[in-house]
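In: Pasting a predicted model and its sequence here:
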Protein chains: 2
Amino acid sequence: MELQDIYLHLRRDIEKIEQELTHSIHTEQTTLQHAAHHLLKAGGKRMRPVFVLLSGRFGTYHLENISHVAVALELIHMASLVHDDVIDNARTRRGKETVKAKWSNQTAMYTGDFIFARALQKIAQIKDSDVQAILSNAMMKMCEGEIEQIEDIFAPDQSLKRYLRRIKRKTALLMSVSCQLGAIVSGARDRDVKALAKYGYYVGMAFQLTDDVLDLTGDEKVLGKPAGSDLRQGNITLPVTYALHHATEQDQTKILTYIQSKGTQGALNEVLDIVRTAGGIEETLQLSTRYLKKALHALALLPDSLERQSLQLIGEFIVRRSY
Amino acid sequence: MELQDIYLHLRRDIEKIEQELTHSIHTEQTTLQHAAHHLLKAGGKRMRPVFVLLSGRFGTYHLENISHVAVALELIHMASLVHDDVIDNARTRRGKETVKAKWSNQTAMYTGDFIFARALQKIAQIKDSDVQAILSNAMMKMCEGEIEQIEDIFAPDQSLKRYLRRIKRKTALLMSVSCQLGAIVSGARDRDVKALAKYGYYVGMAFQLTDDVLDLTGDEKVLGKPAGSDLRQGNITLPVTYALHHATEQDQTKILTYIQSKGTQGALNEVLDIVRTAGGIEETLQLSTRYLKKALHALALLPDSLERQSLQLIGEFIVRRSY
């Protein structure tokens, strides 16, 4: 089953979101029009809009109201990806060149700024100061997460706590907010809003953990970027930290040397092989599954419905896709 | 008379704004702490906060309420400067290295993102959706202005209309919003809010026009950057466009060649001399004075007060400083 099959009944609304997305970043400026649409056209699962729509079903669902939130969230996500690729010096994303690779860091900077400005315009159309506060708080925390990721580049001594906080800010927060806002804007009951926000947070954590695994184990064609990109860019994830403490002493040294030399000493492929077999993959997937369980517990607090089932299937898909 | 003398009676409140500014960009991350404070410590006239405070006096003035707006506006301004310097490839600002020059484009990008995120946090503390809408609309238009400036780099065929729109978005808008929001947040009468917004817009236009003149005529020590920086970076301002139409044919060709070759053919100093003597400086200053007059007309709609007098003096100072 593909992810899109899970929410087939929302297909028409998702198409409208897609149209609104394309429209929202239209500009007469040539470079900007191409750069901004470059990422949009590369596709994407549009998970955040999907979460908004599904959560919106727990209240009084009007596409018109929640579409602005859905589009704003996807724009924030896209803008952060464009800037992240500058920070990570990433060449490819979703099987295509990144904006920074195809154009320049400079262009990527203002393209991200532009998409972000359009997100703000969308948010302003929402006219609900609580919604705006939640969104701006999320943006601020994501930015802080981005900065922490920068600080932690090629830093080998990372606690689990710090790693989890980073992925919370990087991924889980916006997914939580997607669920939360879809429910709030459609007037869902407060306890349902809270349950959905929790679900979004736990599923977001599970999502990023499996993403970090897939980066090491996945196929380049599927990933849309070379395997081992995280380590190459100095983003030290849980499987790597685990290997640093559980591999043989000789292998630990090889990993440490690679990291401390910022990838200039040692062979990435050899280090990746060590990491893949040191047990960290399994540890990380187990942690991901524990987060998924928490997500499903949160879901169980909600009234049963097609949407609740969709959210459950999405959560399970997220963890299952890593096999 | 210095600018600060005009609002001496607000000195204590401005010091509090300064403290809140410093506090608002505090972070444990080392590079970011240094980069973000680098621009703050380079100083600045803090005109936007001053406008907020002065306009706040036309309603019921509580520093606590309007300080968030003042700080948010200055943060937005600072973030835009950091990103502008990336786009302009600028090496110096306010007599110091720019963030991009001292660190890198990458660092400048996320430093601007960080300051901007903190601005958003400040705005979220304001809890007034109208205020938030006004601010996000201004941010969006500034971003569009930034993009248009990029499109117009080394473009010789610029209409006056396009130029004025660019400086409206780049400068006048945020100054107008500063005046407008200071008044709104302190509950000033609607007609006073409108008059102050108009004043801010016209003074902002006058300000940027004189800035564009000073870039050509000013002393490097005073400017904090080399004279002729705009032209060097490809930012074609009104005095240059004027010279392109009014200098001798031979001199017009020299300017055009410089611009079309993006500064690789022809000597900048020679082109600057042509521009300085072609009559465009006077034209631009006259236009600046016309905007100032409109600003003063808007002020005349307000009840007389120490603050109204301060705003008048500020407006006159802005145009006078170009001599």
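Out: That came through fine.
In: Can I get the helix or strand hosting A:Q252 as CSV, trimmed to CA atoms?
Out: Assigned by DSSP states H and E, A:Q252 belongs to helix A:249-260. Provided in CSV are the C-alpha atoms of helix A:249-260 (Å, rounded to 0.1, in the frame of the first residue of the first chain):
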residue,chain,number,x,y,z
GLU,A,249,37.4,-0.6,19.7
GLN,A,250,39.1,-0.6,16.4
ASP,A,251,35.9,0.3,14.6
GLN,A,252,35.0,2.9,17.1
THR,A,253,38.3,4.6,16.4
LYS,A,254,37.6,4.6,12.7
ILE,A,255,34.3,6.3,13.1
LEU,A,256,35.7,8.8,15.6
THR,A,257,38.6,9.6,13.2
TYR,A,258,36.2,10.2,10.4
ILE,A,259,34.1,12.5,12.4
GLN,A,260,36.8,14.4,14.1
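In: Mind listing what's buried along the helix or strand following it?
Out: Going down the chain from helix A:249-260, the next helix or strand is helix A:268-277, by DSSP H and E. Of all the residues in helix A:268-277, those buried under the rule 16 or more other CB atoms under 10 Å in any protein chain shown are A:V271, A:L272, A:I274, A:V275, A:R276. Every C-beta, even on glycine, is put in place using the N, C-alpha and C of the backbone.
In: show me where pLDDT drops low in the stretch 201-323 of chain A?
Out: A:322-323 (pLDDT under 70).
In: residues contacting A:V69?
Out: Shown in contact with A:V69 (CB atoms under 8 Å, 6 or more residues apart in numbering or on different chains): A:V52, A:I126, A:V131, A:L181, A:G182, A:V185.
In: Can you tell me the closest non-neighbouring residue to the second one?
Out: For A:I126, the nearest residue in space outside its immediate sequence neighbours is A:H68; the separation is 5.3 Å by CB to CB, 6 or more residues apart in numbering or on different chains.
In: Any figure for the gap between that neighbour and chain B?
Out: Here the criterion is CB to the nearest CB, to the nearest Å. By it, A:H68 lies 13 Å from chain B.
In: Please apply the same query to A:F58.
Out: A:F58 is 24 Å from chain B, where distance means CB to the nearest CB.
In: Give me the neighbour count for that residue.
Out: Neighbours of A:F58 under the rule other CB atoms under 10 Å in any protein chain shown: 24.
In: Give me the nearest residue to it, chain neighbours excluded.
Out: In space, A:F58 is closest to A:A188, 4.2 Å off (CB to CB, 6+ apart).
In: That neighbour: which element?
Out: Per DSSP H and E, there is no helix or strand for A:A188.
In: For it, list the residues it contacts.
Out: A:S55, A:F58, A:G59, A:L196.
In: same check, this time on A:A124
Out: So A:A124 contacts A:Q132, B:Q132, B:A133, B:S136, B:N137, B:M140 (CB under 8 Å, 6+ apart).
In: Up against chain B, what does the stretch 151-300 of chain A have?
Out: Within the stretch 151-300 of chain A, the residues that sit near chain B (CB under 8 Å from any CB of the partner chain) are A:E151.
In: Tell me how many other residues crowd the residue in the stretch 151-300 of chain A that chain B sits nearest to.
Out: At 5.0 Å from chain B, A:E151 is the closest residue in the stretch 151-300 of chain A, using CB to the nearest CB. Residues within reach of A:E151, counting by other CB under 10 Å, total 15.
In: repeat for A:H37
Out: Residues near A:H37, counting by other CB under 10 Å: 16.
In: show me the contacts for the residue nearest to the spatial centre of chain A.
Out: In chain A, the centroid-proximal residue (CA atoms, centre = their mean) is A:T171; its distance is 4.2 Å. A:T171 sits next to A:G204, A:M205, A:F207, A:Q208, A:D211 when contact means CB under 8 Å, 6+ apart.
In: what sits against A:H9?
Out: Applying CB under 8 Å, 6+ apart to A:H9 gives the contacts A:L306.
In: average pLDDT for stretch A:139-153?
Out: Average pLDDT, stretch A:139-153: 80.
In: what sits up against it?
Out: So stretch A:139-153 is contacted by A:76, A:80, A:83-84, A:87, A:158, A:162, A:165-166, A:168-170, A:173-174, A:233-236, B:27, B:29-32, B:110, B:113-114, B:116-118, B:120-121, B:124 (CB under 8 Å, 6+ apart).
In: Any buried residues in it, and which?
Out: Buried, per 16+ other CB under 10 Å, within stretch A:139-153: A:139-150, A:152.
In: Low-confidence stretches in the stretch 1-150 of chain A?
Out: A:1.
In: Recalculate using a threshold of 90.
Out: A:1-11, A:27-32, A:39, A:41-45, A:64-65, A:84, A:87-96, A:105-107, A:114, A:116-150 (pLDDT under 90).
In: So which bits of it are right by chain B?
Out: So the stretch 1-150 of chain A meets chain B at A:27, A:29-32, A:83, A:86-87, A:105-106, A:109-110, A:112-114, A:116-118, A:120-121, A:123-124, A:127-129, A:132-133, A:136-137, A:139-140, A:142-144, A:146-148, A:150 (CB under 8 Å from any CB).
In: ok, of those, which come out buried?
Out: A:27, A:29, A:32, A:83, A:86-87, A:105-106, A:109-110, A:112-114, A:116-118, A:120-121, A:123-124, A:128-129, A:132-133, A:136-137, A:139-140, A:142-144, A:146-148, A:150.
In: burial measure for A:Y61, as a count.
Out: Neighbour count of A:Y61, defined by other CB under 10 Å: 19.
In: That one: what secondary structure?
Out: When classified by DSSP: H, G, I helix; E, B strand; the rest coil, A:Y61 comes out as coil.
In: Contact partners for the closest residue to it other than its chain neighbours?
Out: Excluding the flanking residues, the one nearest A:Y61 by CB to CB, 6+ apart is A:S186, at 5.5 Å. The contact partners of A:S186, taken as CB under 8 Å, 6+ apart, are A:S55, A:G56, A:R57, A:F58, A:G59, A:T60, A:Y61, A:H62, A:N65, A:I66.
In: again with A:A206
Out: A:A206 touches A:S288, A:T289, A:Y291, A:L292, A:A295, A:G315, A:I318, A:V319, counting by CB under 8 Å, 6+ apart.
In: Neighbour-wise, which one of those leads?
Out: Highest neighbour count within the contacts of A:A206: A:A295, with 27 neighbours (other CB under 10 Å).
In: Pretty sure that residue sits against A:F207.
Out: No: A:A295 is beyond contact range of A:F207, at 9.8 Å (criterion: CB atoms under 8 Å).
In: where along chain A do the strands fall?
Out: A:92-93, A:96-97 (DSSP state E).
In: Could you single out the most deeply buried of those?
Out: strand A:92-93 (a mean of 21; mean count of other CB atoms under 10 Å in any protein chain shown).
In: Listing partners with orientation, what would you give for it?
Out: strand A:96-97 (antiparallel) (DSSP bridges).
In: Most neighbours of all the contacts of A:A188, which one?
Out: Most surrounded of the contacts of A:A188: other CB under 10 Å gives A:S55, at 33 neighbours.
In: Give me the nearest residue to it, chain neighbours excluded.
Out: A:G182 (3.2 Å).
In: quick revisit: any chance of the strands of chain A in CSV, plus distance to B:L302?
Out: CSV is the format used below for those (distance: least, CB to CB, whole Å):
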stretch, distance to B:L302
strand A:92-93, 53
strand A:96-97, 55
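In: out of those, nearest to B:T264?
Out: Evaluated with CB to CB, these place strand A:96-97 nearest to B:T264, the distance being 28.0 Å.
In: and the closest one, how far from the chain's centre?
Out: Remark: strand A:96-97 is offset 18 Å from the chain centroid, using CA atoms, centre = their mean, to the nearest Å.
In: Could you do stretch A:236-243 as well?
Out: That offset, for stretch A:236-243, works out to 19 Å (CA atoms, centre = their mean).
In: now swap in stretch A:5-18 and tell me
Out: On CA atoms, centre = their mean, the centre of stretch A:5-18 falls 20 Å from that of its chain.
In: same check, this time on stretch A:186-198
Out: Its chain's C-alpha centre and that of stretch A:186-198 lie 21 Å apart, by CA atoms, centre = their mean.
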